[in-house]
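Asks: Provided below for reference: sequence and predicted model.
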Amino acid sequence: MDLNKKALLLSYFTVGYNAIEGIVSIIAGIMASGSIALIGFGLDSFIESLSGGIMIWRFRKHGKVSEEEEEKAEKIATKLIASTFFILGAYVLYESIKKLWLREIPDPSLFGIVIAIVSIIVMPFLFYAKYKTGKKLNSKSLIADSKETLTCTFLSVALLIGLGLNYLFKLWIADPIVGLIVVIFLVREGFETLEEDDEKI
């Protein structure tokens with residue numbers, strides 16, 4: 001299969017999977033009396049979809065516009081994505097601290113645990129496929145996108161731990177604490193996205 005076509009197909013899968021994961025996670029979070037860990041995870045999935053959307057634009061336009069035009073548009077989009085990470089991080093931070101302060105206890109969510117497990121299974125394979133394809137294409141943007149997918153795997157592990165502790169031991173405090181962990185990942189992703197953009201020639 002042509003590498004550009006493979007990159008495009010992987011990007012379509014990224015957008016589709018993360019959109020579904022985001023919707024399901026937010027619904028599960030609302031059903032669990034406002035689990036900030038699940039809602040934050042769902043919102044992060046939408047950012048992953050946005051990143052995948054940029055990859056779709058990039059590889060669909062490949063060879064149809066000048067390299068300069070392609071790079072200029074991608075730089076603008078990358079900065080917008082980085083900004084979204086920071087805005088989302090601020091929201092999740094506020095909600096996590098509020099829940100800790102006011103002792104807003106989320107309900108245990110078996111549904112959320114299933115979402116986290118599915119993500120832990122799917123994301124490593126998607127990361128590897130995108131990273132390998134990005135290396136072969138010498139595409140910094142696809143490699144950066146694959147690293148975001150890897151970060152999603154780590155977030156899924158943190159989510160599973162938090163939801164599992166609440167479900168098995170009624171340890172409600174694990175939910176906002178995982179929310180704070182999500183904040184760290186979001187802020188780091190935001191800075192790394194900006195740094196990778198600055199490295200592009």
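Replies: Received the coordinates, thanks.

Asks: what is the helix or strand in which residue 113 is found packed up against?
Replies: Assigned by DSSP states H and E, residue 113 belongs to helix 110-137. If contacts are counted by 3 or more C-beta pairs under 8 Å, 6 or more residues apart in numbering; DSSP states H and E, helix 110-137 sits against helix 3-31, helix 36-60, helix 140-169. Placement of C-beta: from N, CA and C, glycine included.

Asks: deepest in the core, which of these is it.
Replies: With neighbours taken as mean count of other C-beta atoms under 10 Å, these reach their highest mean count in helix 36-60, at a mean of 23.

Asks: just the angle between that one and helix 3-31, please?
Replies: 160 degrees (axes from the mean of the first three to the mean of the last three C-alpha atoms, to 10 degrees).

Asks: check the offset of the helix or strand following helix 36-60 from the chain's centre.
Replies: The helix or strand immediately downstream of helix 36-60 is helix 67-102, counting by DSSP H and E. Distance of helix 67-102 from the chain centroid (C-alpha atoms, centre = their mean, to the nearest Å) equals 11 Å.

Asks: same thing with stretch 166-183?
Replies: With C-alpha atoms, centre = their mean, you get 19 Å for stretch 166-183.

Asks: list the contacts of it.
Replies: Here stretch 166-183 makes contact (C-beta atoms under 8 Å, 6 or more residues apart in numbering) with 35-37, 40-41, 44, 89, 92-93, 95-97, 99-100, 105-106, 108-110, 113, 155, 158-159, 161-163, 165.

Asks: start and end of that stretch, how far apart?
Replies: End-to-end distance of stretch 166-183 (C-alpha to C-alpha, to the nearest Å): 19 Å.

Asks: could you list the buried residues of it?
Replies: By 16 or more other C-beta atoms under 10 Å, the buried positions in stretch 166-183 come out as 166-167, 172, 174-183.

Asks: on that earlier part again, got the angle for the helix holding residue 113 vs helix 3-31?
Replies: Using the same axes, to 10 degrees: helix 110-137 against helix 3-31 is 160 degrees.
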